[in-house]
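Novice: Please work out how this folds:
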Amino acid sequence: MINNKKILVVGGAGYIGSHVVKALKEVGYSPVVFDNLSTGLKQNLFPDCEFILGDILNYAEIKGAMAGVGAVIHLAALKAAGDSMLVPEKYAVNNVSGTINLLNAVSEAGIKKIIFSSSAAVYGSPKYLPLDEKHPTNPENFYGYTKLAVEELLSWYSKLKGIKFVALRYFNAVGYDASLAITGEEKNPGNLLPIIMEAVVGRRPKVTVFGTDYETADGSGVRDYIHVTDLAQAHLQSLEYLETHDSLTVNLGTTKGISVLEMIKAAKEMSGVDFPVELGARRPGDPGTVLADASLAKQVLNWEPKYSDLENIIKTTLSVYKKNNK
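Specialist: Here you go, the predicted model:
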């Protein structure tokens, strides 16, 4: 554990952020949540954690949150890839300008450690599989570009200001903490599993499969799904890593792909609900298969996923949606 236990979690009321806060609490850190609640939820806040309602676009607010902080975990970003292509200015301001504010406040406060939630979207379409950290970065949506831009900012601030960072390139975050301590659902979900769950509990009339003619075992797209509890653990191990090492950029995934049709089949079996499925055409820019090579994370962070099997992913997510639908 790092010496200063006070950790500022920017975006800590969000889906991933709240799981990171829980993980920090459980090992003795004192997380402080900074969130504007635009996509984060009050129900994801822990009553025994300090909460600061603020926005990274307001420099005075983010600067004021730095008092006594030992490290920062940055999860505050807009993340809908399709939306980013329609309103890039919104993503540029929030994800890039907001991060510049955050980095300037971190620098001014003399804080030397930051963990950043990056994304596999920085890679674009795979030139080879699985994707390792040496794969060319060529984002195909503006959201992915903003993540790459922030990685580059971090690299420069590291060189010029001595701020060490770990950039965690998440693949597809799924699942919930098994204790049901966190039950906030993502607003207007664009990801597969929340959409499936909305169909399971009757809030959505059907699930559409975009593309069934890919070169995969069942023709549907294959993605690398990582349980959010495993993601949260990686943040803890990244904090430890920065105690004695320099900056790092690393993938977080399983290298075990799950297809769209596999996810749907498992959800139907485990929920007992045979919801309607529509087979649709491919979406432009959607690759057939995306898999992470996460061997570097195992090697340098001593991290590997423990909760990311298909059954646990479905089980923990189903529990939350059933609880919320009572």
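Novice: tell me the domain boundaries of the protein?
Specialist: Per automatic domain parsing, the domain ranges recorded for the chain read 6-174+226-252, 192-223+255-324.
Novice: could you pull out the helices for this structure?
Specialist: All helices of the chain, identified by DSSP state H, fall at 15-26, 59-64, 81-86, 88-91, 98-109, 142-161, 192-200, 228-244, 260-271, 295-301, 310-324.
Novice: mind checking which of those helices is nearest residue 216?
Specialist: Comparing the helices of the chain against residue 216 with CB to CB, the closest turns out to be helix 260-271 (9.1 Å). For glycine as for every other residue, the C-beta is placed from the backbone atoms N, C-alpha and C.
Novice: can you tell me how far residue 307 sits from residue 273?
Specialist: According to CB to CB, to the nearest Å, residue 307 stands 23 Å off from residue 273.
Novice: likewise residue 28?
Specialist: When CB to CB is the yardstick, residue 28 and residue 273 sit 41 Å from each other.
Novice: now swap in residue 85 and tell me
Specialist: When CB to CB is the yardstick, residue 85 and residue 273 sit 33 Å from each other.
Novice: Kindly report the same for residue 246.
Specialist: 49 Å.
Novice: Let me have the domains of the chain in JSON lines, extended by mean neighbour count and mean pLDDT.
Specialist: Rendered in JSON lines, the data for the domains of the chain read as follows (neighbours: other CB atoms under 10 Å; pLDDT from 0 to 100):
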{"stretch": "domain 6-174+226-252", "mean neighbour count": "20", "mean pLDDT": "97"}
{"stretch": "domain 192-223+255-324", "mean neighbour count": "17", "mean pLDDT": "97"}
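Novice: To residue 185, which of these lies closest?
Specialist: Comparing those by CB to CB, domain 192-223+255-324 comes nearest, at 6.3 Å.
Novice: distance between the closest one and the chain's centre?
Specialist: Here domain 192-223+255-324 shows a centroid-to-chain-centroid distance of 16 Å under the convention CA atoms, centre = their mean, to the nearest Å.
Novice: Same check on stretch 152-162?
Specialist: For stretch 152-162, the separation from the chain centroid amounts to 22 Å (computed by CA atoms, centre = their mean).
Novice: about what we covered before: so which of the domains of the chain gets nearest residue 184?
Specialist: Between residue 184 and the domains of the chain, the shortest gap by CB to CB is with domain 6-174+226-252, which sits at 3.8 Å.
Novice: Between the two ends of the closest one, what distance do you get?
Specialist: 25 Å (CA to CA, to the nearest Å).
Novice: going forward can the numbers begin at 393, since that is how I track them
Specialist: Sure thing, new numbering starts at 393, so read that last one as domain 398-566+618-644.
Novice: so who does residue 627 touch?
Specialist: Taking CB atoms under 8 Å, 6 or more residues apart in numbering as the contact definition, residue 627 lies against 412, 415, 416, 465, 507, 560.
Novice: Same check on residue 549?
Specialist: Contact partners of residue 549, counting by CB under 8 Å, 6+ apart, are 495, 498, 499, 555, 557.
Novice: Next, format the residues you listed as JSON lines and append distance to residue 449.
Specialist: Written out in JSON lines, the entries for those read as follows (distance: CB to CB, whole Å):
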{"residue": "495", "distance to residue 449": "13"}
{"residue": "498", "distance to residue 449": "16"}
{"residue": "499", "distance to residue 449": "17"}
{"residue": "555", "distance to residue 449": "20"}
{"residue": "557", "distance to residue 449": "21"}
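Novice: coming back round to it: hmm, which two among the contacts of residue 627 are most spread apart?
Specialist: Taking CB to CB as the measure, the contacts of residue 627 span a maximum distance of 14.8 Å, between 416 and 560.
Novice: coming back round to it: want to throw the domains of the chain into CSV with distance to residue 573?
Specialist: As requested, those are arranged in CSV below (distance: least, CB to CB, whole Å):
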stretch, distance to residue 573
domain 398-566+618-644, 6
domain 584-615+647-716, 10
